[in-house]
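> missing the sequence, but the structure's below:
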DNA sequence: GCTTTATTTGGTCATATTGCCAAGTATTCG
DNA sequence: CGAATACTTGGCAATATGACCAAATAAAGC
């Protein structure tokens, strides 16, 4: 197995992994409508603010979101709206799967 | 938090999670060029065949691949080639990230 | 029926993820 | 400076994931 080839898959997997959580998908969806501060997202998600903050740091580390502190608040936004095309791909898989069951 | 809304994100996360592993991405990439039996994939990946088999069952459970036993071998193929559009989205995120560093 | 080849499944161990609470940091305002 | 607000980080317990080996299954051929 070529080392560099596998490294490519690892890099991709890291990004995908960052998206592989319902709360983080909710965050991305929410941010697709504009920037939001942590407390807005926390209210939306319903878990502890520390949990949300950690989810955001996962997304940030993966290069999916950017943060911007303005005063006491920290606003997050999508780094690259292209992640949204993602949802379409995923939904297509889900629909295909459901069609097979029906 | 609406229950049904969150359920949507959970369903999506389940599919994304199934893709969030370098070996499974390699499998998907390989299957994009046609069906493959487990031993072909195993050779490509380089881990134990039981490990590869488990990766395949993860992909199957998520609705990403289909299997077809022919004789002693089991051939896998992509259920929906749309997952491939995925890679483009991911690469775009990675490039965006690297551009920022440079 | 027994053997061989291909694959799946069960068990186990190491490691990673997730969520909450508590404590720490940053910024604003009085 | 001290208090309040917004957020992050550390720690910990519960759970999930991933890899291997060994054992079980499935189909083919003798």
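Yes, it's here. A quick note: this is a predicted structure, and the numbers were derived from the prediction, not measured.

> do stretch A:44-57 and chain B meet at all?
Yes. Against chain B, stretch A:44-57 shows contacts by Cβ under 8 Å from any Cβ of the partner chain at A:44, A:45, A:46. Every residue, glycine included, has its C-beta placed from N, CA and C.

> do you know how far the second one is from residue A:75?
Residue A:45 sits 16 Å away from residue A:75 when distances are taken as Cβ to Cβ, to the nearest Å.

> out of the two, which sits in the busier spot?
Per other Cβ atoms under 10 Å in any protein chain shown, whichever of residue A:45 and residue A:75 has more neighbours is residue A:45, with 21 against 17.

> isn't the more buried one right up against residue A:28?
No. Using Cβ atoms under 8 Å, residue A:45 is not in contact with residue A:28, being 12.0 Å away.

> close to chain B, is the longest helix along chain A?
With secondary structure taken from DSSP state H, chain A has its longest helix at helix A:83-101. Yes. Helix A:83-101 is in contact with chain B by Cβ under 8 Å from any Cβ, via A:83, A:85-94, A:96-97, A:100.

> can you list contacts of stretch A:27-35?
A:19, A:36, A:40-41, A:44-45, A:52, A:55-56, A:59, A:64-65, A:68, A:75-78, A:81, A:83-84, A:87, B:9 (Cβ atoms under 8 Å, 6 or more residues apart in numbering or on different chains).

> any low-confidence regions in chain A?
A:1-3, A:101-102 (pLDDT under 70).

> can you do 90?
Along chain A, the model assigns pLDDT under 90 to residues A:1-6, A:80-89, A:96-102.

> Roughly how far does the nearest residue to residue A:26 once chain neighbours are set aside sit from residue A:51?
Distances taken as Cβ to Cβ, 6 or more residues apart in numbering or on different chains place residue B:9 nearest to residue A:26, at 5.1 Å, with adjacent residues excluded. For residue B:9, the distance to residue A:51 (Cβ to Cβ) stands at 15 Å.

> neighbour-wise, which of those two wins?
Shown here are residue B:9 and residue A:51; by other Cβ under 10 Å, residue B:9 has more neighbours (21 against 13).

> Now do the same contact list for the more buried one.
Contacts here follow Cβ under 8 Å, 6+ apart; on that basis residue B:9 touches A:22, A:23, A:25, A:26, A:29.

> Export those residues as JSON lines, with columns for distance to residue B:4, secondary structure and neighbour count.
Shown next, in JSON lines, are the contacts of residue B:9 (distance: Cβ to Cβ, whole Å; DSSP: H, G, I helix; E, B strand; the rest coil; neighbours: other Cβ atoms under 10 Å in any protein chain shown):
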{"residue": "A:22", "distance to residue B:4": "12", "secondary structure": "helix", "neighbour count": "20"}
{"residue": "A:23", "distance to residue B:4": "16", "secondary structure": "helix", "neighbour count": "23"}
{"residue": "A:25", "distance to residue B:4": "14", "secondary structure": "helix", "neighbour count": "23"}
{"residue": "A:26", "distance to residue B:4": "13", "secondary structure": "helix", "neighbour count": "24"}
{"residue": "A:29", "distance to residue B:4": "14", "secondary structure": "helix", "neighbour count": "17"}
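
> Using TSV, lay out those residues together with distance to residue A:13.
Below are the contacts of residue B:9 laid out as TSV (distance: Cβ to Cβ, whole Å):
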residue	distance to residue A:13
A:22	19
A:23	20
A:25	17
A:26	21
A:29	22
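
> No further questions, thank you.
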